[in-house]
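Participant: got a structure for you, letters missing:
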Ligand SMILES: [Zn+2]
């Protein structure tokens, strides 16, 4: 089975949207809708093999997000109705950009706080544990477990019977 880049390795059909940095939970073995061929999509992760992504539980990175939000919000409010040196004095520079900054800052702050609360309360861990259980259920199918193993995934012995 071949690894997909931004197109299906079987029929060469380009994916509508592909960014290798995307992270999805699910089987990395995908089926092409056009040709029905199977390929490996590295954006999909089998949690029972690879574990939970640590970044999702990193309080530091969400604190950073909140700090960034405070900075952007501050810039937005500060620039409102103000003509910054070097910028042409238009409605865009005077109002639209500052409003966009303010809203972006608020979104970052609120989003960051919600994620922190989800981590601390354990609700995030419960959500991810559900996804891990779905992954375990998939791997309990020996055909599937062997397919993944042959594709180079370090499938734990317990699934390879
Ligand atoms: Zn295809």
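Facilitator: Received it, and whenever you're ready, just let me know what you need. Everything numeric in this text was worked out from a predicted model, so none of it was measured.
Participant: how about the residues of this protein by the ion?
Facilitator: Contact residues, the chain versus the ion (Cβ under 5 Å from the ion): 8, 10, 11, 32, 34, 35, 37. The C-beta positions use only the backbone N, C-alpha and C, and glycine is treated the same way.
Participant: A helix includes the third one, no?
Facilitator: No. Secondary structure assignment places residue 11 outside any helix; it is coil (DSSP: H, G, I helix; E, B strand; the rest coil).
Participant: contact partners for it?
Facilitator: 32, 34, 35, 37 (Cβ atoms under 8 Å, 6 or more residues apart in numbering).
Participant: neighbours around the residue nearest to residue 3 when sequence neighbours are not counted, how many?
Facilitator: Distance criterion Cβ to Cβ, 6 or more residues apart in numbering; nearest residue to residue 3, sequence neighbours excluded, is residue 40 at 4.6 Å. Around residue 40 there are 20 other residues, counting by other Cβ atoms under 10 Å.
Participant: numbering from 2 from now on, please.
Facilitator: Let's use 2 as the start, then, which means that last one is residue 41.
Participant: and the pLDDT for residue 41?
Facilitator: The model reports residue 41 with a pLDDT of 96.
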